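Colleague: curious how this folds, go ahead:
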Amino acid sequence: MRLGMIVFVGLLAGAGAAHADSRLFCSADDAQARFTLESGFASDAGHRLNHFRGALIVKDPAQAPTFAKRVFESQHLSNHWSRDGELLLEVFDDGGDDTEGATLDLVVVAGVRGKPAANFRGTYSLTIEGGSKPYAAEGKVSCGSK
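Modeller: Numbering: from 1, shown residues only. Purely as a prediction, here's the structure:
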């Protein structure tokens, strides 16, 4: 009976940890940009993407007409990686007709492999190319898991 309880508690603890790490969010707010990103990864083998969404405001007035405010969905997530405490998200927005050929690329790298944590930090890089004025920014990002 005692062994059965230990196994049951161990299974519950493992299930809780897997579920807690399946939703990740990142945000930044500095002089260049303000954004939030949220992604969900399956807790089973492969950690497949369940969903992705986000919003970005580029604070540079020269970029305001094109990328002042953007909303992202799963089709904008061009690269993603979540494993053992490390997170990589790359968001690519080709803009369509409303950006006059300009594209936006936002890359977030956070966490430390081998050191999973509920809250962790990293960096972002943001580039806008193809418009009248190219733009590049970098900054710090805060991330966590739900």
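Colleague: make it CA atoms for all contacts and neighbour counts henceforth
Modeller: Noted.
Colleague: mind listing what residue 72 touches?
Modeller: 52, 53, 54, 55, 91, 93 (Cα atoms under 8 Å, 6 or more residues apart in numbering).
Colleague: who's residue 106 bridged to?
Modeller: Beta-bridge pairing of residue 106 under DSSP bridges involves residue 91, residue 126.
Colleague: what are the boundaries of the strands in the chain?
Modeller: 23-29, 33-41, 49-58, 69-73, 77-83, 86-93, 103-111, 119-129, 135-145 (DSSP state E).
Colleague: coming back round to it: and the contacts of residue 72, which are buried?
Modeller: 52, 53, 54, 91, 93 (16 or more other Cα atoms under 10 Å).
Colleague: so the second one sits against residue 39, correct?
Modeller: This points to residue 53. Yes: Residue 53 is within contact range of residue 39, at 6.6 Å (criterion: Cα atoms under 8 Å).
Colleague: low-confidence ranges in the protein?
Modeller: 1-22, 46 (pLDDT under 70).
Colleague: circling back: between the buried ones among the contacts of residue 72, which is closest to residue 60?
Modeller: Comparing these against residue 60 with Cα to Cα picks out residue 93 as the nearest, at 17.4 Å.
Colleague: if I look at that closest one, how far off is residue 131?
Modeller: 13 Å (Cα to Cα, to the nearest Å).
Colleague: dump the buried ones among the contacts of residue 72 to JSON lines, plus distance to residue 68.
Modeller: JSON lines is the format used below for the buried ones among the contacts of residue 72 (distance: Cα to Cα, whole Å):
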{"residue": "52", "distance to residue 68": "20"}
{"residue": "53", "distance to residue 68": "17"}
{"residue": "54", "distance to residue 68": "14"}
{"residue": "91", "distance to residue 68": "16"}
{"residue": "93", "distance to residue 68": "13"}
